[in-house]
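J.: need a structure here:
(3 chains)
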Amino acid sequence: MPNINDILIMLPEFFLVTAACILLLADAFIKPTQRAFLHWASIGVLILTGYFVLQHPAGAVTAFNGMFIRDGVAEIIKIFALLSTILVFIYGRPYLTDRKLFVGEFYTLMLFAVIGVMLLVSAGNLVMIYLGLELLTLSSYALVALNRDSKLSSEAAIKYFVLGALSSGMLLYGMSMIYGATGTLDLVQLHAAVAHSSMPHLLVFGLVFLVIGVAFKLGAAPFHMWIPDVYEGSPTAVTAFIGSASKLAAFGMAFRLLATGMGDFSQHWQLMLAALAVLSLAIGNVVAIVQSNLKRLLAYSTISHMGYLLLGLVNAGPEGYSAAMFYAVSYALMSTAAFGVILALSRAGFECENIDDFKGLNQRAPWMAFLMMLSLFSLAGVPPLFGFFAKLLVLQAAIHAGMMWLAIVGAVFAIIGLYYYLRVVKVMYFDKPEAGTEVRIQPDFTLRLTLSLNALALLALGLYWGPLLSWCKQAFVG
Amino acid sequence: MVTLPLILLAIPSLFVGMFTVKPMLFGGWFGGAVHVNEANDVLGEIGKEFDGSLAMALHGFTQLPFFLVLAALVITTYIYLFNPAVADKIKSALKPFWTILDRRYWVDDIYFAIFARGGVALGRMFWKGGDAAVIDGVLIDGSASTIQRIASGVRRLQSGYLYHYAFAMILGLILLLGGYWLIGQ
Amino acid sequence: MFNHLLSLLIWLPIAGAVPVLLAGSGRPNTARWLALLMAILTFVISLFLIPQYNPDVTGMQLVESHLWIEALNVHYSLGVDGISVALILLTTFVGILVIVGAWEVIQDKPHQYMAAMLVLEGLMIGVFCATDALLFYVFFEAMLIPMFILIGIWGGPRRVYATLKFFIYTFLGSIFMLIGLIYLYLKAGTFDLHTLATLPLTMQEQSWLFFAFLIAFAVKVPMVPVHTWLPDAHVEAPTGGSVVLAAVMLKIGGYGFLRFSLPIVPDASMHFAWLVILLSLIAVVYIGYVALVQEDMKKLVAYSSVAHMGFVTLGIFIAFMLVREQGNTDAARLGMQGAMVQMISHGFVSGAMFSCIGVLYDRLHTRSIKDYGGVINVMPWFGFFYVLFAMANCGLPGTSGFVGEFMVILASFSANPWIALFAAFTLIIGAAYTLWLVKRVLWGDITNPHVAEMKDINGREVLVLGAFAALVLAVGIWPQPLTHLMDSSVAQLVQVLAVHKV
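T.: Residues are numbered from 1 along each chain as shown, chains lettered A, B, ... in the order given. You can find the predicted model right below:
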């Protein structure tokens, strides 16, 4: 019997579900010209949800017999996922309007996806993980296919769907193995059961499948192959979402499954993650060099960034988890900024997605070029931008875990990876603009203001990131 | 333009020695700045016989260096003002010695060939062979183009075919399981 | 104000870059004057370092320390000793000259150029003040961004290749240093340089750390064989960029050795001192020959910079040998002082030489030596300055170039006459390439008709070259104020050399 306490603990999620359903219905009744209301209402709903998330009781609490955990980890991921989605809404609106995709489904699907994220990172039970994950991914599949007239989008959606189904299947299979070996689905009980299980081999067998499920969502090689095609094919607004909120969710899933659940088995999954990390770093950084499409380049850069995130997870201790979470948060901000610039420069009939489209941007739109440069240097990990400190923390976590070789591999690939970011800066600043083309920035004031703040935050947070790190570390204490 | 300064320099240069020889060479002009060992004190020995600049000058007229200078003056005046043909005769008679002196013992040529030309050749070898070929060519540009080639190769793995992607995932699964099994052994 | 003098020096130029940038492309003169104002202001404030810094006291002065990142125990801590003060003054001084020098030359987006220069200046001052390793690293790396932009936008025909090479090369070196710093942090729990200096480390740890630091600073100095970024970067950079690069950025490499390798890993530094000395001597000889055959004026001076910086690393590491093997601290101090003076002197001399080449390039738009010849006939005043700086480059006594080289050679002789021999080789080869350059450019007949049309240096150029000349002669004739400033810091460093951690 659900008591009022449980509902209050899950207040943000309940609120968001209710609001999303109301908006879904409202969309059916409002006139197309009034759709702006939907835009602002969705943003308002997200802000309110964020407020509720922050109204948390001290310490970790569980609801519904441990199915739902509300702790510091969940709080941070939810806040930044909500923030990312708000940014996606703001950046995406002009883009969608230009392509006649400014439909209510975009907002409601994304809200449902966010609910999926929130349930996923608060999951206390294997089934809840699967539930949140599927809510997120099914909404994502539909979002990717939003532009049904585009063959590229439809292809991307099919690929995402099929591969996603494959990985979900593997995840479920792994979960069933774990259940078979321990007899429990609850993550906390799982943690205890794993420590003195009589079937460690079955557990490890299941663990491999769990890791694959996590790796797919993160985009770690060799389970990364959906990322370039999906990033390129989806409407850029959706790509921004997948690149930020979805990755935060993936980290949350990784934490819950591998740390909260299989924490005692860390010596097994550490090595697996290390292997995946090396492959991701290698493939992501190397293949990005030969890309000419910026969205695809950012896709490969995502793969390499997830490699770094795994470096933090490999540490399997509070230091590593906080480093990885800090990295996920920083990545979400950098990613939205970069995609935000692409969205700001795209207009009807013109996708600003090729690197050559940015030629000479400094001559024509110096402020945009500057914002893009901040995002690129942050992604590359050059001080004093935010991205560097995130890398510093994961490298530290890896070295502390005794994996100096892994840190050195990370360093080497950071050098190789520097090249493709510099290439985009070079195109913007050092090349002459292409004659016969013109640059028009979306006139939407909210977009420009928010984008400027987003990119400048990368510089500001680079100078003052202490509180954020303390907040992340706090979440893993005790 | 230079005539006036030359005149102004010439006049004192006739007389400066006369006034400064006693304090500078035999007096205490340098104070303690110059130290000479007792055994090597040549000027000290000369100083014992110094009687003043005029006496030293007059004494100079009676010494060998003065007579040699006078002889040189006479000979060269004769050859170059009155009988230039003698110079040519001496030159053809003493050809080898003349050549050696004229070419200044070939020292300049040796230096130029070994140090200057050799230096330039060495420099060129260092630059083209070292900096350009080895460091820039192999290490820098070489590694950059190697990575470029690897990248072009690896990108072809992203074939675009869904079943390839799925197969890659299965392969990853097998590798993880297999890898774990190997380590477990 | 004096409590936060160092912070003011760092952040004033950086903050000053914002109004310069906002002046926009529509108001280039506003941008230029604002930038000049900022640079002069920074220089004037930096002059306060002289009275505020007490040369007779050892240890860091004008210390500021605030907690920056609590979770990692990183502090925003600044402090200077004699060496830092000298380098900061060099930076602020060169900062003004660079802005004056670029006044009419940079016509395309001058506001961005000036802003980038100011930011670069602030960050470089930050490198010289930082006493926390992570803060140092942040400034050290952040410097790359404005330099990358400067070379890439306003540089020569091969600027993209040169600037990418510069960035990636330098980043390669420093990321391994980052790993080393993280390792030290994990061991010591702090990034504070002073604490790290007292941290006990095994020989094996020290060796790995030494190489991590070596690769970072060797690229920066630059040492052979990781020097090849420098000729390209210098040649392709705009004149102001070359001046800043040569005058200040190279010194950061030498400074890094002093602040990191020597105090933190002294035993490994001693063990591998032979390597650094060998590479320094190779730089002097090998690079001297390479400089001889250059056909591009800027490349020649760039290679000459590498050779001169070889003296800096030689002076620093020869001090090691002197202290540890012979206990000869006097010679060690001489060598170390020589290295420091050489750093400052080279800053002036190479800055001046690049400015001179800039003067020629602005007129003929070619850097190829064979396009010149007989320049003295049309530009006598320029010739005066050019010859002066060439003499300083050779190390003529009376110019600042002599002082440092002489001290290092003397110290080397105490250690090993052979080292002194090879080091002294610079006197020959340096004179060879410099004087040959001067001869081919200035003297002789005018073969290129365009040369005959060249105008002599204008007021602005006289100002820049004159300022450099004044300092070159001042340090050359009376180096005592400079050496006195750095004396106690050098003495303290030499004491550090004797400390055994193992």
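J.: quick one: distance of stretch A:290-309 to the chain centre.
T.: 13 Å (C-alpha atoms, centre = their mean, to the nearest Å).
J.: same check, this time on stretch C:400-409
T.: The chain centre lies 16 Å from the centre of stretch C:400-409; the measure is C-alpha atoms, centre = their mean.
J.: same thing with stretch B:134-146?
T.: Taking C-alpha atoms, centre = their mean, the mean C-alpha location of stretch B:134-146 is offset from the chain mean by 35 Å.
J.: any idea how far apart the tips of it sit?
T.: End-to-end span of stretch B:134-146 (C-alpha to C-alpha, to the nearest Å): 15 Å.
J.: whatever residue of the stretch 401-502 of chain C ends up closest to chain B - nearest residue in space that isn't next to it in sequence?
T.: Closest approach between the stretch 401-502 of chain C and chain B, counting by C-beta to the nearest C-beta: C:Ala432, at 6.8 Å. C-beta: built from backbone N, CA, C; applies to glycine. Leaving aside its chain neighbours, C:Ala432 sits nearest to C:Leu292 (5.9 Å; criterion: C-beta to C-beta, 6 or more residues apart in numbering or on different chains).
J.: the closest residue in space to C:Ala246 that isn't next to it in sequence in helix, strand or coil?
T.: Excluding the flanking residues, the one nearest C:Ala246 by C-beta to C-beta, 6+ apart is C:Ser350, at 4.0 Å. Assigned with DSSP: H, G, I helix; E, B strand; the rest coil, C:Ser350 falls in the helix class.
J.: also the one 4 residues further on?
T.: Secondary structure of C:Phe354, reduced to three states by three-state DSSP: helix.
J.: that one against C:Ala246, yeah?
T.: Yes. Contact criterion C-beta atoms under 8 Å: C:Phe354 and C:Ala246 qualify, at 5.9 Å.
J.: which neighbours do these two share?
T.: Common contact partners of C:Phe354 and C:Ala246 (C-beta atoms under 8 Å, 6 or more residues apart in numbering or on different chains): C:234, C:301.
J.: contacts only, for C:Leu360.
T.: Neighbours of C:Leu360 in contact, by C-beta under 8 Å, 6+ apart: C:297, C:367, C:372, C:375, C:441.
J.: and the first one, what pLDDT?
T.: I take that to be C:Met297. Note on C:Met297: pLDDT of 93.
J.: name the helices or strands packed onto the biggest helix by length in chain A?
T.: When chain A is parsed with DSSP state H, its longest helix is helix A:151-182. The contact analysis (3 or more C-beta pairs under 8 Å, 6 or more residues apart in numbering or on different chains; DSSP states H and E) places helix A:151-182 against helix A:126-144, helix A:187-195, helix A:200-218, helix A:226-233, helix B:162-184.
J.: now do 6 Å
T.: helix A:126-144, helix A:200-218, helix A:226-233, helix B:162-184 (3 or more C-beta pairs under 6 Å, 6 or more residues apart in numbering or on different chains; DSSP states H and E).
J.: ends of stretch C:218-235, how far apart?
T.: By C-alpha to C-alpha, the extent of stretch C:218-235 from end to end equals 20 Å.
J.: likewise for stretch B:157-168?
T.: By C-alpha to C-alpha, the extent of stretch B:157-168 from end to end equals 10 Å.
J.: excluding chain neighbours, what is closest to residue 27?
T.: All of this refers to chain A. A:Gly104 (3.0 Å).
J.: let's do chain C instead
T.: Nearest to C:Arg27 is C:His111, by C-beta to C-beta, 6+ apart, at 7.6 Å.
J.: next one: the residue nearest to C:Gly351 when sequence neighbours are not counted from chain A, what distance?
T.: Nearest residue to C:Gly351, sequence neighbours excluded (C-beta to C-beta, 6+ apart): C:Ala247, at 3.8 Å. The gap separating C:Ala247 from chain A is 23 Å, by C-beta to the nearest C-beta, to the nearest Å.
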